[in-house]
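J.: this one's structure only:
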């Protein structure tokens, strides 16, 4: 009987959060090892199905980098990265499109439907207009080009809203069309932030494979529970924010400035971490918020 009472207590604790977030759009970026490991992926999708069931409106933007790398190697294409971004040639973009649009996306949709959550896949090229990514090397003056890789330009959110209006969960790939009509790949973190900003989402949650933003990468207990915008640049300069966390934090700041209320970075390997972060007072990851200077 005591265990049943404790379960009821958990539901009561969650009640004000459920009431507050009912009808709100929550964008979830799903990727990394949390998507690769079946048990972890199932747990994250179960949390998202729960969110939909209690009246929230989740939107998923997913990656698929490890699956893309495997497929490229099967075809004899050696993956190459520059500053963390995959260099994508003409042959590579065909692999990226196949994995994201034809394999990973339908798998996520099927898994959500298996959990009783209505879901619909949406190809990113129906949403994103892409600006091709280039960068001038400050040392050599040469222009660095990643091939068919871009950043979000204009977004057409009508297809996303149409799916939400039907009561389903949009599941979106990080692909888009450039001005030349060609297909381009994007960093999924950046794509998710652009979607959250365009939809004026209540929250944007990045599912990661670390406990959150760590002040000391070697110490999982050194998690920064709350990060204010005004602290970001100094932490980047200090090297605390780098690697895979850098695009998450930078794109999260952009989303906050566009009207998203709060950004979360959550460990997808922890059972029900998404629900614990959203529906409890303490939370379990890192939140990025405004501060008095902004």
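T.: Ah, there it is. Note that the structure is predicted; figures quoted are calculated from it, not measured.
J.: which stretches of the stretch 1-150 of the chain form helices?
T.: Counting by DSSP state H, counting those that start in this stretch, the stretch 1-150 of the chain has helices at residues 2-21, 33-36, 38-53, 65-74, 90-97, 105-114.
J.: give the contact list for residue 103.
T.: Contact analysis of residue 103 by Cβ atoms under 8 Å, 6 or more residues apart in numbering lists 64, 67. All C-beta spots, glycine's among them, are computed from the backbone N, C-alpha and C.
J.: quick one: it and residue 173, what's the gap?
T.: From residue 103 across to residue 173, the span is 10 Å (Cβ to Cβ, to the nearest Å).
J.: so what sits against both of those two?
T.: Common neighbours of residue 103 and residue 173, counting by Cβ under 8 Å, 6+ apart, are residue 64.
J.: what angle do the longest strand along the chain and helix 90-97 make?
T.: Ordering each strand of the chain by length in residues (DSSP state E) puts strand 143-155 first. If you take axes from the mean of the first three to the mean of the last three Cα atoms, to 10 degrees, strand 143-155 sits at 40 degrees to helix 90-97.
J.: What mean pLDDT does strand 143-155 get?
T.: The average pLDDT for strand 143-155 rounds to 89.
J.: That strand: which residues count as buried?
T.: Residues of strand 143-155 classed as buried under the neighbour-count rule (16 or more other Cβ atoms under 10 Å) are 146, 147, 148, 149, 150, 151, 152, 155.
J.: Touching the helix or strand hosting residue 176 from outside, list them.
T.: Under the criterion of DSSP states H and E, residue 176 resides in strand 175-178. Outside of strand 175-178, the residues within contact range by Cβ under 8 Å, 6+ apart are 96-97, 100-101, 123-125, 127-132, 150, 152-153, 183-186, 191.
J.: Now restrict those to buried residues only.
T.: By 16+ other Cβ under 10 Å, these give 96-97, 100-101, 123-125, 127-130, 132, 150, 152, 183-186, 191 as buried.
J.: Please narrow those to those residing in strands.
T.: Checking the buried ones among the contacts of strand 175-178 against DSSP E, those in strands are 128, 129, 130, 132, 150, 152, 183, 184, 185.
J.: shouldn't the fifth one be in contact with residue 132?
T.: Yes. Counting by Cβ atoms under 8 Å, residue 132 is a contact partner of residue 150 at 4.9 Å.
J.: Which residue ranges of the stretch 151-294 of the chain form strands?
T.: 169-172, 175-178, 183-185, 203-208, 226-228, 262-267, 286-289 (DSSP state E, counting those that start in this stretch).
J.: Show me the one of those strands that comes nearest residue 55.
T.: Residue 55 lies closest to strand 169-172 among those, at 12.8 Å (Cβ to Cβ).
J.: returning to what we had before: can you put the helices of the stretch 1-150 of the chain in CSV and add distance to residue 168 and mean pLDDT?
T.: Converted to CSV, the helices of the stretch 1-150 of the chain look like this (distance: least, Cβ to Cβ, whole Å; pLDDT from 0 to 100):
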stretch, distance to residue 168, mean pLDDT
helix 2-21, 18, 73
helix 33-36, 20, 76
helix 38-53, 9, 92
helix 65-74, 24, 89
helix 90-97, 23, 92
helix 105-114, 9, 96
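J.: In a markdown table: those helices, plus distance to residue 27.
T.: As requested, those are exported to a markdown table (distance: least, Cβ to Cβ, whole Å):
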| stretch | distance to residue 27 |
| --- | --- |
| helix 2-21 | 13 |
| helix 33-36 | 16 |
| helix 38-53 | 11 |
| helix 65-74 | 19 |
| helix 90-97 | 22 |
| helix 105-114 | 15 |
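J.: between the ones you listed, which gets nearest to residue 141?
T.: It's helix 90-97; of the helices of the stretch 1-150 of the chain, that one is closest to residue 141 (Cβ to Cβ) at 26.6 Å.
J.: can you pull the buried residues of that closest one?
T.: 92, 93, 94, 95, 96, 97.
J.: so who does residue 251 touch?
T.: The neighbours of residue 251, taking Cβ under 8 Å, 6+ apart as the test, are 187, 189, 190, 192, 193, 194.
J.: Enumerate every residue touching the second one.
T.: Residues counted as contacts of residue 189 (Cβ under 8 Å, 6+ apart) are 29, 206, 247, 248, 251.
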